[in-house]
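A.B. asks: could you work out the structure for the sequence below:
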Amino acid sequence: MKALQGIEGQLEWTERSAPECGAGQVRIRVAAAGLNRADLLQRAGLYPPPPGVTDILGLECAGVVTEVGSGVTHRVGDRVCALLAGGGMAEQVVVDGRHALPVPEGLSLTEAAVIPEVYATAWLNLFRLGNIQPGEKVLLHAGASGVGSAGIQLCKVFGNPCWVSVGSAERLAYCESLGAQGGVLREEALDALKDFGPFDMILDPVGGKYAALNSQLLATDGRWVIIGLMGGRKAEMDLAALLAKRVQVIGSTLRSRDADYKAALLAELQEKTWLLFADRTLATRLERSFPIGDVEAAFAALASNQISGKVALVIDDSL
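C.D. replies: Presented below is the predicted three-dimensional model:
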């Protein structure tokens, strides 16, 4: 099969051995794969796959089931989207059957390909780890990102007013169109977030650069969930502020979670949101799709930080 690998900064669509399909697994003929910032980092050598996971890029995909192992409920021919630890940017992928969900009614395979990673990430960190309750206020840094776009919509649906930090007025308008109450431009008025706080929960893909400010923005018993380090891995801050407000600081990654944890998370996500995709209450926010032959352009588009929402790679447009 053909698959996309990123080695020392170079992308190569090359021949790789097709994986075996064992008990509890399904083989998917991939129609499209979602492109995420983690793929940019892996390409650059900064985010290696967990032990035992393929080095083929791609944390989410959608396609058609072509083979099933024993003990799974999927059937050959099912249209599914899947959460992966790697391997989605390939002509086929094998995955734990519990990590492949039916494509929500009315969505194309390309649209469905960009759901699993960002929505599972947003659900995990907002509702499971962040434990937000109806009415609690949420701050989403990088609000126009894929995870941010998902998070804003989930907050709106489940009754949590949210605010964002973004890079431009256009991206702030985009976030407000999804349901954000408002926000600030990170290079101009980040401190103005204090006017909207305090926040019960902050979802933070930035890390070090925002640490001191986040400690000031959080409410008593607030939760600060760190999912990335775009602003650096080190910070100097006053821990007394966290202590006095009983703040919880939670580090979170989804990729390295075990199979059972991911299966339970995806089952919960499907139960709570799948009908909302079908009736378009929730949207994939797929901004651009690229054929696999234009993979360099796709990576460049995401790296430009000008994309609001998601990018997909179309691998087989015949499905």
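A.B. asks: could you check stretch 293-312 and say which residues are buried?
C.D. replies: Residues of stretch 293-312 classed as buried by neighbour count (16 or more other Cβ atoms under 10 Å): 295, 298, 299, 301, 302, 305, 307, 308, 309, 310, 311, 312. The way it works is simple: take the backbone N, C-alpha and C, and place the C-beta from them, glycine included.
A.B. asks: so who does the third one touch?
C.D. replies: Translated: residue 299. Residues counted as contacts of residue 299 (Cβ atoms under 8 Å, 6 or more residues apart in numbering) are 11, 35, 39, 40, 43.
A.B. asks: what's the helix or strand for it?
C.D. replies: Element membership of residue 299 [criterion: DSSP states H and E] is helix 295-303.
A.B. asks: tell me the angle the following helix or strand past that helix makes with helix 295-303.
C.D. replies: Sequence-wise, the next helix or strand downstream of helix 295-303 (DSSP H and E) is strand 310-314. Calculated by axes from the mean of the first three to the mean of the last three Cα atoms, to 10 degrees, strand 310-314 forms an angle of 170 degrees with helix 295-303.
A.B. asks: give me the three-state assignment for the spatially most central residue of the chain.
C.D. replies: With distances taken as Cα atoms, centre = their mean, the residue of the chain nearest its centroid is residue 118 (2.2 Å). Following DSSP: H, G, I helix; E, B strand; the rest coil, the label given to residue 118 is helix.
A.B. asks: same thing with the one 4 residues further on?
C.D. replies: Secondary structure of residue 122, reduced to three states by three-state DSSP: helix.
A.B. asks: my read: it touches residue 155, true?
C.D. replies: No - counting by Cβ atoms under 8 Å, residue 122 stays clear of residue 155, with 9.0 Å between them.
A.B. asks: how long is stretch 284-304 end to end?
C.D. replies: 20 Å (Cα to Cα, to the nearest Å).
A.B. asks: actually, stretch 292-308.
C.D. replies: Stretch 292-308 has an end-to-end distance of 21 Å (criterion: Cα to Cα).
A.B. asks: helices of this protein, start to end?
C.D. replies: Taking DSSP state H to define them, one finds helices in the chain at 37-43, 109-112, 116-123, 146-157, 169-178, 211-217, 239-245, 259-278, 295-303.
A.B. asks: if I look at residue 150, how far off is residue 194?
C.D. replies: Using Cβ to Cβ, to the nearest Å, residue 150 is found at 26 Å from residue 194.
A.B. asks: okay, the two: which has more neighbours?
C.D. replies: Neighbours per residue (other Cβ atoms under 10 Å) separate residue 150 from residue 194, with residue 150 holding more: 29 against 12.
A.B. asks: what residues are up against the more buried one?
C.D. replies: Going by Cβ under 8 Å, 6+ apart, residue 150 touches 118, 119, 121, 122, 285.
A.B. asks: ok, now with 10 Å
C.D. replies: By Cβ atoms under 10 Å, 6 or more residues apart in numbering, the contact set of residue 150 is 114-115, 117-123, 126, 140, 178, 273, 282-285, 309-310.
A.B. asks: name the nearest residue to it, sequence neighbours excluded.
C.D. replies: residue 122 (4.1 Å; Cβ to Cβ, 6 or more residues apart in numbering).
A.B. asks: ok, now which ones touch that neighbour?
C.D. replies: The neighbourhood of residue 122, defined by Cβ under 10 Å, 6+ apart, consists of 130, 140, 146-155, 203, 227, 269, 273.
A.B. asks: in contact with the residue nearest to the centre of the chain, which residues?
C.D. replies: 34, 36, 59-60, 145-151, 284-285, 309-310.
A.B. asks: same check on residue 297?
C.D. replies: By Cβ under 10 Å, 6+ apart, the neighbours of residue 297 are 288, 290, 291, 311.
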